[in-house]
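*Asks:* output the structure for:
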Amino acid sequence: MYFGKQNRTLNSVVALILLYAVLFSICSCDMGGAETRSSWTSSSVKSVVSEAIDREMEFVKPNLDPDLQANIDNGGAKGSRMSGRQIVDLTEKEEGGSGYIDFCYTVNMDGYADSRTVMENARPLMSENQFSQLETRAAEVEKAFEEAAESYSKALPESQKEAFYKDLKSLVTRTVVLLTAGIVYAVIPDVILWGKVSAAAAISIGAGLVAITIMTIYEKYRFGMSEDEQKRSLKDWMNQLIQVPKADFALTTTAGTLATVFAEGPVVKGITICVFAFTNCLETVSEMMKKYNFNI
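*Replies:* Numbering: from 1, shown residues only. Got it, this is the predicted structure:
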């Protein structure tokens, strides 16, 4: 990939605008604050999760067990594909199934900005030991970023400080959300069938949040380059980007966490890679993983 190709640049800009539109339609909430659990109703939760499952199905279904794929493809009316609402209704009938519906809802509504709410909603779905490990890792990541924020901001041009810092902080937050969704899926008991679909949809949403943030950083940094610099390869661009201390921290955190997510199993890895490929984020992440010696 070379940055000097104007048509590729235009395509990237158009793609980014479209992805933002999709992202905010996914969130479908006021940026002034996330919806609190006390205001949720069973009807609104089911509706949001049903739509999320329908929307994410193209990424989710190919990575599920073949038997579950067949059930989805043929379980609807007259042998048609099942709808998201049908899957939600079946999930609700499973033991603990409402927990997976609530979790998917939380990732969909709060995953763009609030990793703590997502983690707390995941607590009932894993053991205390598993949750404690997740909580410890997330706390370490977020604390390190906050402590280093002041020194990081000094390394950036004044015009970039605020926006770039917010983007990188979002990358840390959304990576924790994806990690949480991956662990939730990995610890689902074998007896749970339809809850896996809701949990897999949460992974897909979380992967999309990480992907859009990475590509936002990519586009902002790229358009700040001179014409000669834009002719560099993606690898050159990534090597230049990581010279910024806080970018280095955020990308290292993301690369390490993604490696952990992928290690949770083929479903988690497959969905994440599918979403990254769709958002044109796969090559960027691949270079990032190589830089930090992580394998996917």
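
*Asks:* is it true that residue 112 lies in a strand?
*Replies:* No. Under DSSP: H, G, I helix; E, B strand; the rest coil, residue 112 falls outside any strand and is assigned coil.

*Asks:* okay, now it: neighbour count?
*Replies:* Counted with other C-beta atoms under 10 Å, the neighbours of residue 112 add up to 25. For glycine as for every other residue, the C-beta is placed from the backbone atoms N, C-alpha and C.

*Asks:* need the phi and psi values for it.
*Replies:* phi -70, psi -20 (degrees, to the nearest 10).

*Asks:* ok, it to residue 164 distance?
*Replies:* 18 Å (C-beta to C-beta, to the nearest Å).

*Asks:* same thing with residue 182?
*Replies:* Residue 182 is 27 Å from residue 164, by C-beta to C-beta.

*Asks:* which of the two has more residues huddled nearby?
*Replies:* residue 182 (28 against 22).

*Asks:* measure residue 196 to residue 115 for me?
*Replies:* Distance from residue 196 to residue 115, by C-beta to C-beta: 22 Å.

*Asks:* any idea how far residue 73 is from the nearest residue to residue 69 once chain neighbours are set aside?
*Replies:* What sits nearest to residue 69 in space, not counting adjacent residues and going by C-beta to C-beta, 6 or more residues apart in numbering, is residue 61, at 5.5 Å. Here the criterion is C-beta to C-beta. By it, residue 61 lies 8 Å from residue 73.

*Asks:* who's more crowded, those two?
*Replies:* residue 61 (17 against 13).

*Asks:* which ones are touching the more buried one?
*Replies:* Residue 61 sits next to 69, 72-73 when contact means C-beta atoms under 8 Å, 6 or more residues apart in numbering.

*Asks:* next, format these as a markdown table and append pLDDT and distance to residue 294.
*Replies:* What follows is those, written out as a markdown table (pLDDT from 0 to 100; distance: C-beta to C-beta, whole Å):
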| residue | pLDDT | distance to residue 294 |
| --- | --- | --- |
| 69 | 94 | 29 |
| 72 | 93 | 32 |
| 73 | 92 | 35 |
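
*Asks:* let me know the closest of those residues to residue 248.
*Replies:* For those, the residue nearest residue 248 by C-beta to C-beta is residue 69; the value is 40.3 Å.

*Asks:* now for the host helix or strand of that closest one, which elements pack on it?
*Replies:* For residue 69, the host element (DSSP states H and E) is helix 66-74. Using 3 or more C-beta pairs under 8 Å, 6 or more residues apart in numbering; DSSP states H and E, the elements in contact with helix 66-74 are helix 195-223.

*Asks:* buried set for the helix it packs on?
*Replies:* Burial within helix 195-223, assessed by neighbour count using 16 or more other C-beta atoms under 10 Å, is assigned to 195-218, 221-222.

*Asks:* ditto for stretch 112-123
*Replies:* Buried residues in stretch 112-123 (16+ other C-beta under 10 Å): 112-115, 117-119, 121-123.

*Asks:* from residue 44, how far out is the closest residue to residue 256 other than its chain neighbours?
*Replies:* Leaving aside its sequence neighbours, residue 256 sits nearest to residue 294 (C-beta to C-beta, 6+ apart; 6.5 Å). Using C-beta to C-beta, we find residue 294 at a distance of 39 Å from residue 44.

*Asks:* looking at these two, which is more packed in?
*Replies:* residue 294 (18 against 13).

*Asks:* doesn't the more buried one lie inside a helix?
*Replies:* No. In this structure, residue 294 is coil, not part of a helix, as judged by three-state DSSP.

*Asks:* how about the contacts made by it?
*Replies:* 255-256, 258-259.

*Asks:* cool, residue 185 as well?
*Replies:* 196, 199-200, 202-203, 264-265, 267-268.

*Asks:* now the helices for the stretch 1-150 of the chain?
*Replies:* 6-27, 42-60, 66-74, 84-93, 97-110, 115-122, 128-154 (DSSP state H, counting those that start in this stretch).

*Asks:* give me whichever of these is most buried.
*Replies:* The highest mean neighbour count among the helices of the stretch 1-150 of the chain, using mean count of other C-beta atoms under 10 Å, belongs to helix 97-110: a mean of 25.
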